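Peer 1: okay, structure incoming, though there's no sequence with it:
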């Protein structure tokens, strides 16, 4: 929708939904004596919605450049086919006028599943693309916002690797809505007969560049390696029948830039770049598989300094900045497998100017070693080693919170948690 409107003219758009897509889906491999490989799927490289003029109302506006690999075919008397690779493309939404409705900018990726056979085909790899949502200085969004370049590797004999992409929401105008979500997680595929796939978080940024956000619900900026959706300490993927996949957190950041801005949040604010190693399985020859390593990334909440013409105001509820690294558990077998090592990353809160009020603030970079597997007819596996990361608090502005807690402790596998905290 062009911003070049003749004087005295208007443009009004009302729609139940608006979807713009250039998704790429690989075909499935054929079944036979041996299975065919799934085709690769690549999202489109230039998928845009430019909403620059008039008044636009829609239930939601979705721009998609997803890539999904096809599933491998089954082998009736031989190996199954490998799953195809999925790769996200480039999606961008630009808002320079008044828009009412939820916005989605997606460039996600999904690896294909390996086919069944005498040897199960490997899962396909997945690489998230690039997604942008730019609310320009003339733009006003009345609705929620989601930017997503997450990746999920396919399950198979060996699980597929998953690399989160590059997600960014840039706010120069205004946003009033129910939520903000910026996601770039990577979830490795499960290894059904072999090893779990590796998981890598990407980059996930919320940048306030002179704009304002008033969010009634949650703000989530996530770049996890193997996310743990239900909070049980076990990642969503990356598990292996032999060894678990390794996981690495990415970079997640909320930054109020040197041009100032306003952020008001009614729910919790989460900035996550943690990692959870995949769990090991029963392994080979009576020896359990090893848990994968978990290495936290970089998670930060930053309020930059600005000149005398700039104003920064932040009013949020609870804030959690998480760069934990958790090793996967070793597999149970006759002899137990080793727990994976866990290494914390960097969790930072830096307030260089402005006024910031918050509820309970927690910045954590724990290192948790995975538990060793149980041995039914031999030794249990050793627990993994935990290495604490770094957590920094820098205050040069006006910062008021109910509490601030910083964690950088390390726990070896099978050791129960005992926390100590610095609180003010």
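Peer 2: Ah, there it is. These figures come from a predicted structure and were not determined experimentally.

Peer 1: give the contact list for residue 280.
Peer 2: Neighbour list for residue 280: 239-240, 242-244, 288-292, 328-331, 337-338, 340, 373 [criterion: Cβ atoms under 8 Å, 6 or more residues apart in numbering]. C-beta coordinates here come from the backbone N, C-alpha and C atoms, glycine included.

Peer 1: repeat the analysis, applying 7 Å as the threshold.
Peer 2: Applying Cβ atoms under 7 Å, 6 or more residues apart in numbering to residue 280 gives the contacts 240, 243-244, 288-291, 328-331, 337, 373.

Peer 1: residue 258 too?
Peer 2: Counting by Cβ under 7 Å, 6+ apart, residue 258 touches 304, 305, 306, 310.

Peer 1: again, only using 6 Å
Peer 2: The contact partners of residue 258, taken as Cβ atoms under 6 Å, 6 or more residues apart in numbering, are 304, 306.

Peer 1: use 258 as the first number for this chain going forward.
Peer 2: Taking 258 as the first residue, the last one we looked at is residue 515.

Peer 1: so it, which state does it fall into?
Peer 2: coil (DSSP: H, G, I helix; E, B strand; the rest coil).

Peer 1: where are the low-confidence patches of the chain?
Peer 2: Within the chain, the set of residues satisfying pLDDT under 70 comprises 258-268, 671-681.

Peer 1: tell me which element residue 571 falls in.
Peer 2: strand 569-572 (DSSP states H and E).

Peer 1: which residues touch the very next helix or strand once past that strand?
Peer 2: Sequence-wise, the next helix or strand downstream of strand 569-572 (DSSP H and E) is strand 576-579. Applying Cβ under 6 Å, 6+ apart, the external contacts of strand 576-579 come out as 526-529, 531, 556, 558, 604, 615, 618-621.

Peer 1: what's the closest of those residues to residue 440?
Peer 2: Of all these, residue 440 sits closest to residue 529, with 9.8 Å by Cβ to Cβ.

Peer 1: what bridges to the closest one?
Peer 2: Following DSSP bridges, residue 529 is listed with bridge partners residue 479, residue 579.

Peer 1: swap in residue 437?
Peer 2: Counting by DSSP bridges, residue 437 forms beta bridges with residue 402, residue 476.

Peer 1: in a markdown table: the contacts of residue 537, plus distance to residue 352 and neighbour count.
Peer 2: Shown next, in a markdown table, are the contacts of residue 537 (distance: Cβ to Cβ, whole Å; neighbours: other Cβ atoms under 10 Å):
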| residue | distance to residue 352 | neighbour count |
| --- | --- | --- |
| 497 | 44 | 32 |
| 500 | 46 | 31 |
| 501 | 42 | 42 |
| 545 | 52 | 30 |
| 546 | 48 | 33 |
| 547 | 48 | 33 |
| 548 | 44 | 41 |
| 585 | 41 | 40 |
| 586 | 45 | 35 |
| 587 | 49 | 35 |
| 588 | 49 | 30 |
| 594 | 51 | 33 |
| 630 | 51 | 31 |
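
Peer 1: from residue 343, how far out is the nearest residue to residue 385 once chain neighbours are set aside?
Peer 2: Among residues not flanking residue 385 along the chain, residue 422 sits closest, at 2.7 Å (Cβ to Cβ, 6 or more residues apart in numbering). As defined by Cβ to Cβ, to the nearest Å, residue 422 lies at a distance of 11 Å from residue 343.

Peer 1: same drill for those two, tell me which one is more crowded.
Peer 2: residue 343 (35 against 32; other Cβ atoms under 10 Å).

Peer 1: that one touches residue 365, doesn't it?
Peer 2: No. Counting by Cβ atoms under 6 Å, residue 343 sits too far from residue 365 to count as a contact (8.3 Å).

Peer 1: so which residue is dead centre in the protein?
Peer 2: Closest residue to the average C-alpha location of the chain: residue 442 at 2.4 Å, with Cα atoms, centre = their mean.

Peer 1: who touches that residue in this structure?
Peer 2: Going by Cβ under 6 Å, 6+ apart, residue 442 touches 407, 421, 458, 479, 481, 484.

Peer 1: and residue 557, what are its bridge partners?
Peer 2: When assigned by DSSP bridges, residue 557 has beta-bridge partners residue 510, residue 605.

Peer 1: pretty sure it contacts residue 510?
Peer 2: Yes. Taking contacts as Cβ under 6 Å, residue 557 lies within contact range of residue 510: 5.0 Å.

Peer 1: could you measure the residue nearest to residue 385 against residue 490, distance?
Peer 2: 26 Å.

Peer 1: then residue 647?
Peer 2: From residue 647 across to residue 490, the span is 22 Å (Cβ to Cβ).

Peer 1: cool, and residue 460?
Peer 2: The gap separating residue 460 from residue 490 is 25 Å, by Cβ to Cβ.

Peer 1: what does residue 323 give?
Peer 2: Counting by Cβ to Cβ, the gap from residue 323 to residue 490 is 30 Å.

Peer 1: please say which of the two ends up with more neighbours.
Peer 2: residue 323 (29 against 14).

Peer 1: farthest-apart pair in the contacts of strand 576-579, please.
Peer 2: 531 and 615 (20.5 Å).

Peer 1: helices of the chain, start to end?
Peer 2: With DSSP state H, there are no helices along the chain.

Peer 1: list the contacts for the nearest residue to residue 626 once chain neighbours are set aside?
Peer 2: Nearest residue to residue 626, sequence neighbours excluded (Cβ to Cβ, 6+ apart): residue 641, at 3.2 Å. With contacts defined as Cβ under 6 Å, 6+ apart, residue 641 is in contact with 584, 596, 597, 598, 626, 627, 670.

Peer 1: is it true that the third one touches residue 548?
Peer 2: Yes. Because the distance of 3.5 Å satisfies Cβ under 6 Å, residue 597 is recorded as touching residue 548.

Peer 1: what is in contact with the two at once?
Peer 2: 534, 584, 585, 627.

Peer 1: let me know the closest of the contacts of strand 576-579 to residue 471.
Peer 2: residue 526 (13.2 Å).

Peer 1: how near is that closest one to residue 577?
Peer 2: Residue 526 sits 7 Å away from residue 577, going by Cβ to Cβ.

Peer 1: which of these two has more neighbours?
Peer 2: Using other Cβ under 10 Å, the more surrounded residue of residue 526 and residue 577 is residue 526, with 25 against 19.

Peer 1: what about the residue nearest to residue 626, distance to residue 329?
Peer 2: Distance, residue 641 to residue 329, by Cβ to Cβ: 33 Å.

Peer 1: cool, thanks, talk later.
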